[in-house]
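Colleague: Requesting a structural model of the entry that follows:
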Amino acid sequence: MMSPAEPSALSVWYDGDCPVCRQEVALYNRIDRNKLISWIDIVALADNELPAGKTREDLLGKFHARATGGRWQIGVDAFAAIWQRLPVLKWFAFVFRLPVIRQVAQIAYLGFLKWQRHHRARRTGATAAVETPELRT
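Modeller: Alright, predicted model coming up:
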């Protein structure tokens, strides 16, 4: 049985078509010795397998994580939730939750999303402009 100080299991939805995302998930999988993180490839899900209240576009728009029975953690907060569960990266979670660092990390993450969407459009041949999510604290 898990003590209150131990983090609960976490489900993380990721873009399986994103090479950077796949590499990062593979790294986290290797260091997740307690197997507290379940990785869910959004691209591989059928519409009826999407979590209640979330669309595929929501999930592909930003990184999403949720502890069992918990609230959604999105973007930088999702990364912090992952790192909290990986002893070797736990200190990253603490640092990224500091207000100034969190704000800078969110700006950097939005830049990555813009880059990733551009490259996704090139890989898939999409020509439509892709919106960059706004910064929310």
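
Colleague: Low-confidence stretches in the chain?
Modeller: In the predicted model of the chain, residues 1-7, 120, 123-124, 126-137 satisfy pLDDT under 70.

Colleague: quick one, helices of it?
Modeller: Counting by DSSP state H, the chain has helices at residues 19-31, 56-61, 76-84, 90-96, 99-124.

Colleague: Please identify the deepest-packed of the ones you listed.
Modeller: A comparison of the helices of the chain by mean neighbour count, using mean count of other C-beta atoms under 10 Å, puts helix 76-84 on top with a mean of 22. The way it works is simple: take the backbone N, C-alpha and C, and place the C-beta from them, glycine included.

Colleague: ok, the closest residue to residue 17 other than its chain neighbours - how many residues close by?
Modeller: When the adjacent residues along the chain are set aside, residue 17 lies closest to residue 43, with 5.1 Å between them (C-beta to C-beta, 6 or more residues apart in numbering). Close neighbours of residue 43, defined as other C-beta atoms under 10 Å, add up to 12.

Colleague: ok, residue 43 to residue 78 distance?
Modeller: If you measure residue 43 against residue 78 using C-beta to C-beta, to the nearest Å, the figure is 17 Å.

Colleague: Distance to residue 13 for the helices of the chain - can I get that in JSON lines?
Modeller: As requested, the helices of the chain are exported to JSON lines (distance: least, C-beta to C-beta, whole Å):
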{"stretch": "helix 19-31", "distance to residue 13": "10"}
{"stretch": "helix 56-61", "distance to residue 13": "5"}
{"stretch": "helix 76-84", "distance to residue 13": "9"}
{"stretch": "helix 90-96", "distance to residue 13": "19"}
{"stretch": "helix 99-124", "distance to residue 13": "15"}
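
Colleague: How about residue 38: what's its closest non-neighbour residue?
Modeller: Per C-beta to C-beta, 6+ apart, closest to residue 38 is residue 11, 4.7 Å.

Colleague: which residues does the one you found contact?
Modeller: The neighbours of residue 11, taking C-beta atoms under 8 Å, 6 or more residues apart in numbering as the test, are 37, 38, 40, 65, 66, 67, 68.

Colleague: Let me see the contact set for the most centrally placed residue in the chain.
Modeller: Relative to the mean C-alpha position of the chain, the nearest C-alpha, by C-alpha atoms, centre = their mean, is the one of residue 63, at 2.9 Å. Each residue near residue 63 by C-beta under 8 Å, 6+ apart is listed here: 12, 13, 14, 74, 75, 78, 79.
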